[in-house]
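Asker: Kindly generate the corresponding structure for this input.
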Amino acid sequence: MGIKILVAIDLSPASARVIQVSERIGNAMSAELRVLHVAEADPSFVGYDAGPDVVRDQVAKEFRDEHRGVQAHADTLRQAGLEANALLVQGPIVETILAEAKKMQADLLIVGSHG
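Answerer: Prediction:
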């Protein structure tokens, strides 16, 4: 059995490069990969139950779009013959990435930078 790799992406255009690098490392190490995107909570959306339906609908649409994006990146890895799954989690970015790495007992964490 290979190693476990957590691949944290922000769904920016730079994420495609992160997936390419993850594919190479994953193939070289016979790895199991989890592609993670953390959706940061919008402070203005806290207490959304009292907000208008249009706001809730917009946030729900954004989550659906983000979910499709992270799934597409995991699909790319699966098409390359790797074992990969996708995860979309809402929370503080750094803390959530570290918590997910610990939860899955990741051997390696790959994080890209667009800046």
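Asker: Mind giving me the packing neighbours of the helix or strand where residue 16 lies?
Answerer: Counting by DSSP states H and E, the element that carries residue 16 is helix 15-29. Packing contacts for helix 15-29, counted by 3 or more C-beta pairs under 8 Å, 6 or more residues apart in numbering; DSSP states H and E, involve strand 4-9, strand 32-39, helix 53-79, strand 108-111. Quick note: C-beta positions are derived from backbone N, CA and C, even for glycine.
Asker: could you dump the ones you listed to a markdown table with mean pLDDT, distance to residue 101 and mean neighbour count?
Answerer: Output for those, formatted as a markdown table (pLDDT from 0 to 100; distance: least, C-beta to C-beta, whole Å; neighbours: other C-beta atoms under 10 Å):
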| stretch | mean pLDDT | distance to residue 101 | mean neighbour count |
| --- | --- | --- | --- |
| strand 4-9 | 98 | 5 | 24 |
| strand 32-39 | 96 | 9 | 24 |
| helix 53-79 | 88 | 16 | 14 |
| strand 108-111 | 97 | 5 | 16 |
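Asker: Of the ones you listed, which is nearest residue 97?
Answerer: Residue 97 lies closest, by C-beta to C-beta, to one member of these: strand 4-9, at 4.9 Å.
Asker: Provide the strand pairings for that closest one, with the direction of each partner.
Answerer: For strand 4-9, the paired strands and their directions (DSSP bridges) are strand 32-39 (parallel), strand 108-111 (parallel).
Asker: Serialize those strands to CSV and add fields for distance to residue 71.
Answerer: Formatted as CSV, the entries for the strands paired with strand 4-9 read as follows, by distance: least, C-beta to C-beta, whole Å:
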stretch, distance to residue 71
strand 32-39, 8
strand 108-111, 18
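Asker: which residue packs closest to residue 19, ignoring adjacent ones?
Answerer: residue 73 (5.0 Å; C-beta to C-beta, 6 or more residues apart in numbering).
Asker: Much appreciated, bye for now.
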